[in-house]
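Asker: How does the following fold in three dimensions:
(one chain, ligands or ions: 2)
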Amino acid sequence: MLPIPRIQHGQTALNRATTQSEATRLHPHSADGVIELLQITDTHLFAGAEADLLGIAPWHSCRAVVDAILEDDSPRDLILATGDLSQDHSPESYRQFTRLMAELAPPVFWLPGNHDDAPVMQAELDAAGISNAKQLLCGNWQILLLDTQLRGAVHGELAAEQLELLERAINDYPRHHLLVAVHHQAVPVGCAWLDQHNLRNAGELKQRLARHRAAKVVLFGHVHQGFDEVHDGVRYLASPSTCIQFKPLSDDFALDHTAPGWRALSLYPDGRLSTQVWRLPPDAFVPDFSATGY
Ligand SMILES: Nc1ncnc2c1ncn2[C@@H]1O[C@@H]2COP(=O)(O)O[C@H]2[C@H]1O
Ligand SMILES: [Fe+2]
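Answerer: Ligands and ions are numbered 1, 2, ... in the order given. Next up, the predicted model:
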């Protein structure tokens, strides 16, 4: 009798993904080894497409973002969905997400945000054939998707096993450039109300990144605004949400008058990167402030 093939941890149903040890290998489309990726974050979807979040319907704004991405047919290698995919935690809200993502060709990888119900999320994304891989090797880059969710809290924390995953990834692939994706911000973004809801043990992340000698990028969601700063040699990047935007540099909770968006990144084999925030046209899905009160 032939042995039953053993599915290794990290293996996915994706065409272009093969597995070695715990990491999932992806092969960049481009012959020169540049990795093209998109960040989509904080979709905050409900079960119902018409449901409202502070003056806009997140399904419709996410639908418009997917349409805008589809207008540009340049090849992409992967999409990172950095949490708060659901607003109401319902299985149907995750099915709304998987149906929208199914329209985009590249494989999607994900991590949970403070709003997500991780078991429901995983069940629905698994059922839709979306990979649960959290350690990717793509060309000269390693991409890690870490879980910062602390159940019941708005702020985040990296649990011991997440820190071990990071430590192991750095030890196993010291020459790969490293992109760590998380939900919560590890550096202040300048909004006092939101910076209380940060990654509480960011120091643990920073200590480990400081030991890594190749390029280092931390990509996060949660802040519903674009962000791009370098701290101690680490590039910290965030994307606008596909729904509501928070007002930059505001001490108190306030919405911004900017349109929903996403981030595109090109990761070069030598560790450089280029990146750009894209948004829907001005005034698209900007809430009526007189109605929401913010
Ligand atoms: N009016 C508000 N004032 C303060 N916090 C809020 C308000 N509305 C929503 N929030 C919370 O702030 C959180 C920050 O981003 P989240 O998307 O995690 O979800 C948000 C809500 O949990
Ligand atoms: Fe969010």
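Asker: Nearest residue to the residue of the stretch 51-200 of the chain found nearest ligand 2 in space, please, no chain neighbours.
Answerer: Taking C-beta to the ion as the measure, the point where the stretch 51-200 of the chain comes nearest ligand 2 is Asp84, at 3.5 Å. From N, CA and C alone the C-beta is placed, and that goes for glycine too. With sequence-adjacent residues excluded and distances taken as C-beta to C-beta, 6 or more residues apart in numbering, Asp84 is closest to Gly113, at 3.5 Å.
Asker: Measure how buried the one you found is and give me the count.
Answerer: Other residues near Gly113 come to 29 when the count uses other C-beta atoms under 10 Å.
Asker: so what's the spatially most central residue of the chain closest to, chain neighbours aside?
Answerer: Within the chain, one residue has its C-alpha closest to the average C-alpha position: by C-alpha atoms, centre = their mean, that is Thr82, at 2.2 Å. Nearest non-adjacent residue to Thr82, counting by C-beta to C-beta, 6+ apart: Gly221, 3.7 Å away.
Asker: how about the closest residue to ligand 1 within the chain, secondary structure?
Answerer: Of the residues in the chain, the one nearest ligand 1 is Phe253, at a distance of 3.5 Å by C-beta to the nearest ligand atom. Reducing the assignment to helix, strand or coil with DSSP: H, G, I helix; E, B strand; the rest coil, the entry for Phe253 is coil.
Asker: before we move on, what about Thr275?
Answerer: Secondary structure assignment for Thr275 (three-state DSSP): strand.
Asker: Surely it and Ser266 touch.
Answerer: Yes - Thr275 is in contact with Ser266 according to C-beta atoms under 8 Å; the separation is 7.3 Å.
Asker: Bridged to Phe109, which residues?
Answerer: Residues in a beta bridge with Phe109, per DSSP bridges, are Leu80.
Asker: If I look at the residue nearest to the centre of the chain, what pLDDT would I see?
Answerer: Predicted confidence (pLDDT) at Thr82: the value is 98.
Asker: Also Phe109?
Answerer: Phe109 is assigned a predicted lDDT (pLDDT) of 98.
Asker: Tell me the spacing between the residue nearest to the centre of the chain and Tyr268.
Answerer: Distance, Thr82 to Tyr268, by C-beta to C-beta, to the nearest Å: 21 Å.
Asker: Next: Lys247.
Answerer: 33 Å.
Asker: and what of Val217?
Answerer: From Val217 across to Tyr268, the span is 12 Å (C-beta to C-beta).
Asker: So between those two, which is more surrounded?
Answerer: Using other C-beta under 10 Å, the more surrounded residue of Val217 and Tyr268 is Val217, with 22 against 17.
Asker: average model confidence for whichever helix or strand that one is part of?
Answerer: For Val217, the enclosing helix or strand under DSSP states H and E is strand 216-220. Along strand 216-220, the predicted confidence averages to a pLDDT of 98.
Asker: how about the residues of the stretch 151-294 of the chain near ligand 1?
Answerer: When proximity is defined as C-beta under 6 Å from any ligand atom, the stretch 151-294 of the chain approaches ligand 1 at 154, 193, 197, 222, 253.
Asker: And for the first one, the neighbour number?
Answerer: Which is Val154. One way to gauge burial is a neighbour count; for Val154, by other C-beta under 10 Å, it gives 14.
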